[in-house]
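# the amino acid sequence is not available; the structure is as follows:
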Ligand code: GLN
């Protein structure tokens, strides 16, 4: 009978991922119904046959590439645990930079805030958790994504209304102080789309026309109508899209256009104020 430590080591060797050991630990903890610290406290504990079988079933899914978040059914983002499924992007640590930027640039008063293409609800829910005074709403074009975000709002006890719409369609003129979004921004020809976890995520959440900038441009254009004067737009984008996004915002007449790097030192977020 194998121990916890042996099981993790041999499983990690069979997972082709940059995070193979962490993946193995997360899957083993999940199948045993314990948290990861248990694994480090009891490395010599032996697994029962049925425990090993349950773990091996999860490991087999990971070995063919299925993301850990889909196997576990949830993913941590900011301070929240979010349900995840194949209808949306899996929340990324990089997107926490978008949340941080909004928190640092926007005042802690009763603002109207909308998150576009909310997916799991990650951005909207993290903002509401930090800024209870903000009136946060979120939209997504996918009905399945909206249902998931609604469930995550309820499970985390956060008052965020979620509705189904394409970007700012049906949102009133001059009604928002903040528009925030992590839209699809990957070029359809990008080879990364054929590698790793993204293969299991919806292309509609990843890929955009015009070298990945078409949705960023639509959002920036539509936000001019919806933002109040002095309201702020914040978008996540690809590491090589800073200049293109800044140019879009500058051409549309946004003020205070600047970009922020993610934890890996890549330009990841660009923001501007509706002038006028
Ligand atoms: N940053 C994500 C990735 O590289 C893409 C997210 C997006 O398209 N909005 O996989």
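That came in fine, so what should we check first? Fair warning: this is a prediction, and the values are worked out from it, not measured in the lab. Numbers count the residues shown, from 1 in each chain.
# drop to CA atoms for contacts and neighbour counts, all remaining ones
Noted.
# what is the subsequent helix or strand relative to the longest helix belonging to the chain?
The longest helix of the chain (DSSP state H) is helix 49-63. Using DSSP states H and E, the next helix or strand after helix 49-63 towards the C-terminus is helix 68-72.
# how about residues contacting that next one?
Helix 68-72 has contacts (C-alpha atoms under 8 Å, 6 or more residues apart in numbering) with 23, 26-27, 30, 58, 61-62, 75, 84-86, 90.
# switch the cut-off to 7 Å
Here helix 68-72 makes contact (C-alpha atoms under 7 Å, 6 or more residues apart in numbering) with 23, 30, 58, 62, 75, 84-85.
# which of those sits closest to residue 128?
residue 75 (18.0 Å; C-alpha to C-alpha).
# so which elements touch the helix or strand hosting the closest one?
Assessed by DSSP H and E, residue 75 sits inside strand 74-77. Helices and strands touching strand 74-77, by 3 or more C-alpha pairs under 7 Å, 6 or more residues apart in numbering; DSSP states H and E, are strand 80-83.
# so how far is the following helix or strand past the strand it packs on off the chain centroid?
Going down the chain from strand 80-83, the next helix or strand is helix 95-105, by DSSP H and E. Taking C-alpha atoms, centre = their mean, to the nearest Å, the mean C-alpha location of helix 95-105 is offset from the chain mean by 13 Å.
# how about helix 95-105: buried residues?
Neighbour-count burial for helix 95-105 flags 95-99, 101-102 (criterion: 16 or more other C-alpha atoms under 10 Å).
# repeat that for stretch 148-158.
148-153, 158.
# repeat that for stretch 43-57.
Buried, per 16+ other C-alpha under 10 Å, within stretch 43-57: 46-47, 52, 55-56.
# what's the end-to-end length of it?
21 Å (C-alpha to C-alpha, to the nearest Å).
# and for stretch 5-22?
Using C-alpha to C-alpha, first and last residues of stretch 5-22 are 13 Å apart.
# what does stretch 251-270 rub up against?
Stretch 251-270 is contacted from outside by 94, 97-98, 234-239, 242, 246, 249-250, 271-275, using C-alpha under 7 Å, 6+ apart.
# circling back to that earlier point, any chance of the buried residues of stretch 148-158 in TSV, plus secondary structure, pLDDT and distance to the ligand?
Output for the buried residues of stretch 148-158, formatted as TSV (DSSP: H, G, I helix; E, B strand; the rest coil; pLDDT from 0 to 100; distance: C-alpha to the nearest ligand atom, whole Å):
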residue	secondary structure	pLDDT	distance to the ligand
148	helix	98	17
149	helix	98	16
150	helix	98	20
151	helix	98	21
152	helix	98	19
153	helix	98	21
158	coil	98	23
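# how much space separates residue 265 from the ligand?
Applying C-alpha to the nearest ligand atom, to the nearest Å, the value for residue 265 to the ligand is 14 Å.
# swap in residue 96?
Distance from residue 96 to the ligand, by C-alpha to the nearest ligand atom: 11 Å.
# enumerate the residues of the chain near the ligand.
Residues of the chain that fall close to the ligand, judged by C-alpha under 6 Å from any ligand atom: 182-186, 205-206.
# hang on, the earlier thing: any idea which of the buried residues of helix 95-105 is closest to the ligand?
The closest of the buried residues of helix 95-105 to the ligand turns out to be residue 95 (C-alpha to the nearest ligand atom; 7.8 Å).
# distance of the closest one from residue 63?
26 Å.
# swap in residue 15?
For residue 15, the distance to residue 63 - C-alpha to C-alpha - is 5 Å.
# out of those two, which sits in the more crowded spot?
residue 15 (19 against 16; other C-alpha atoms under 10 Å).
# circling back to that earlier point, distance from the chain centre to the strand holding residue 75, please.
Worked out by C-alpha atoms, centre = their mean, strand 74-77 lies 9 Å from the chain centre.
# adjacent strands (with direction) for it?
Sheet partners assigned to strand 74-77 using DSSP bridges are listed as strand 80-83 (antiparallel).
# list the buried residues in the partner strand.
82-83.
# now that strand: average pLDDT?
Mean pLDDT, strand 80-83: 98.
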